[in-house]
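Engineer: I'll drop the sequence and a predicted model, then ask my questions.
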Amino acid sequence: MAVSCCANDDPGGASLKLDHRIRLYVFLATSFVTALVVGDIIAVKVTEITIAGVVFPFTAGLLPFPVTFLLTDLLNEFYGKQAARQVTWFGLVMAMLTIAFVTIGIQLPWAAMTLEEGWGGVRASEFDKVMGGSVRIYVASLTAYMIAQFTDIAVFNLLKRLTKNKALWLRATGSTVVAQIIDTIIVNVIAWGGTMRTSELIRLMVFSYVVKLLIAIALTPAIYLGHTIVERWLGIEPVKLDAEGRPLVEEAPAVDLG
């Protein structure tokens with residue numbers, strides 16, 4: 001990925017010119033971080049759906065997370081394992097930064113007017129309960145996130161090597177299926193352990209995984225669409241692996257804007 005500076009109409013300045021490869025990398029990376037952080041924030045809400053008279057609870061946060069695996073797979077496919085891991089670390093740093101800001105926000109004192117009886121905005125108890133709950137969700141999510149994402153990357157590359165760079169659907173869906181099992185168990189045990197009955201926790205995990213699995217399957221066409229757009233319209237070739245799992249062409253180097 002080449003980043004070049006070129007002179008612009010302003011004789012005293014220069015403009016940064018980004019090629020298609022870097023533009024796509026930035027788009028996928030920022031979309032990944034957005035889905036990760038938003039998923040953590042809204043995960044404090046537990047909703048439910050009733051099927052055949054049986055109530056299945058799940059958190060709102062599970063909706064954006066399958067998208068992170070889709071984006072990881074696209075990064076893995078076109079930029080290689082190194083770039084996918086790099087974005088995973090980016091996501092961790094941004095999520096930790098979010099935790100820091102949320103924690104500071106909770107500790108800040110409330111204005112006197114917000115404590116008055118007629119105050120119609122968010123109350124201190126409401127804010128602290130929701131955002132404080134989010135911190136526990138963040139910790140659970142980050143733990144599960146790191147393990148699941150690296151598992152997804154490893155399984156994706158393993159299946160890509162075993163299928164000799166064919167069967168995109170298999171490596172995309174297969175890696176997500178395995179990673180989501182790990183993610184679902186870890187995040188729910190840490191986030192909700194001790195706050196609900198064991199039977200409810202198991203039901204939450206089972207249904208959450210089923211929803212994630214269905215979303216992953218539904219996103220399979222998106223993988224092929226994204227693959228087609230990137231390869232045909234942007235002219236970016238996917239990274240191909242040899243029998244030993246080494247890239248046949250050099251993986252895209254880490255983005256360096258320095």
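Structural biologist: On my side now, so go ahead.

Engineer: Show me the strands in this structure, by range?
Structural biologist: With DSSP state E as the criterion, the chain has strands at 3-7, 14-18, 46-51, 54-59.

Engineer: Give me the contacts around the last one.
Structural biologist: Strand 54-59 is contacted from outside by 42-50, 200, 203-204, 207-208, 211, using C-beta atoms under 8 Å, 6 or more residues apart in numbering. All C-beta atoms are positioned from the backbone trio N, CA, C, and that covers glycine.

Engineer: for the residue nearest to Val130 when sequence neighbours are not counted, phi and psi?
Structural biologist: Once flanking residues are discounted, Val130 sits nearest to Val44: 5.8 Å by C-beta to C-beta, 6 or more residues apart in numbering. Main-chain torsions, Val44, degrees, to the nearest 10: phi -70, psi -20.

Engineer: Surely Val44 touches Ser141?
Structural biologist: No: checked against C-beta atoms under 8 Å, the pair Val44 and Ser141 is beyond contact range at 11.1 Å.

Engineer: Which of the two has more residues huddled nearby?
Structural biologist: Ser141 (26 against 19; other C-beta atoms under 10 Å).

Engineer: how far away is the closest residue to that one other than its chain neighbours from Ala144?
Structural biologist: Spatial nearest neighbour of Ser141, excluding adjacent residues (C-beta to C-beta, 6+ apart): Asp40 at 4.9 Å. The gap separating Asp40 from Ala144 is 11 Å, by C-beta to C-beta, to the nearest Å.

Engineer: check contacts around Phe90.
Structural biologist: Phe90 neighbours (C-beta under 8 Å, 6+ apart): Ala29, Phe32, Val33.
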